[in-house]
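Q: Output the structure for:
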Amino acid sequence: MKQLFDETYSENRTLWYAYFKDIEQPDLVEMISQIIRTDLKASTDVLATSWIFYREELQKDALEEEVRSSIMVRLVDGQYYVHYNMSDFEFVTQREAIDNWLQRLKADLEK
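A: Next up, the predicted model:
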C-alpha cells in the first residue's frame, strides 16, 4: 500500500494509506499489521498513533452519494482500537464478516 500522508499534531501521529481491495484480500491482515509495526518504530514522543487505510472502490449509498470505506486503527496507552467505516450496503450485507475481520486484525496486532 502507498503511504499518502504522515502527520503529527498535538502529540497524535496519523498515517494514511491507499488502497486495499476489500477485506477478502488474502494477505490484508498481515499487510496492515506489518505496516503498523514498521510505522511504530518511528512513533516516538507521541501519545497516540492512528492509521487510516482507504478502500480502492467507491460505493454509492441509498442517496446515490459516493462512499469510500476505510479501516481505522488507533494505538493509545498500549491498547489497539480497530474500526471500519462502511457504506450502508456493506452494513446490510457484510457487517458480521467485517466485525469478524476486525477481530482477526486486532488479535494479530496484539500478538
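Q: Please enumerate the helices of the protein.
A: For the chain, applying DSSP state H gives helices covering 28-40, 88-109.
Q: now those as a markdown table including mean neighbour count, mean pLDDT and distance to residue 80?
A: In this view, the C-beta of every residue, glycine as well, is placed from N, C-alpha and C. Shown next, in a markdown table, are the helices of the chain (neighbours: other CB atoms under 10 Å; pLDDT from 0 to 100; distance: least, CB to CB, whole Å):
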| stretch | mean neighbour count | mean pLDDT | distance to residue 80 |
| --- | --- | --- | --- |
| helix 28-40 | 16 | 97 | 9 |
| helix 88-109 | 14 | 96 | 5 |
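Q: can you tell me which of those comes nearest to residue 21?
A: helix 28-40 (8.0 Å; CB to CB).
Q: what's across from the residue nearest in space to the middle of the chain in the sheet?
A: Nearest to the mean C-alpha position of the chain, by CA atoms, centre = their mean, lies residue 71 at 2.6 Å. Beta bridges link residue 71 to residue 53, residue 84 when assigned by DSSP bridges.
Q: mind listing what it touches?
A: Counting by CB atoms under 8 Å, 6 or more residues apart in numbering, residue 71 makes contact with 20, 32, 51, 52, 53, 55, 82, 83, 84, 102, 105.
Q: any idea how far it lies from residue 81?
A: Per CB to CB, to the nearest Å, residue 71 is found 12 Å from residue 81.
Q: Kindly report the same for residue 59.
A: The gap separating residue 59 from residue 81 is 24 Å, by CB to CB.
Q: All set, thanks.
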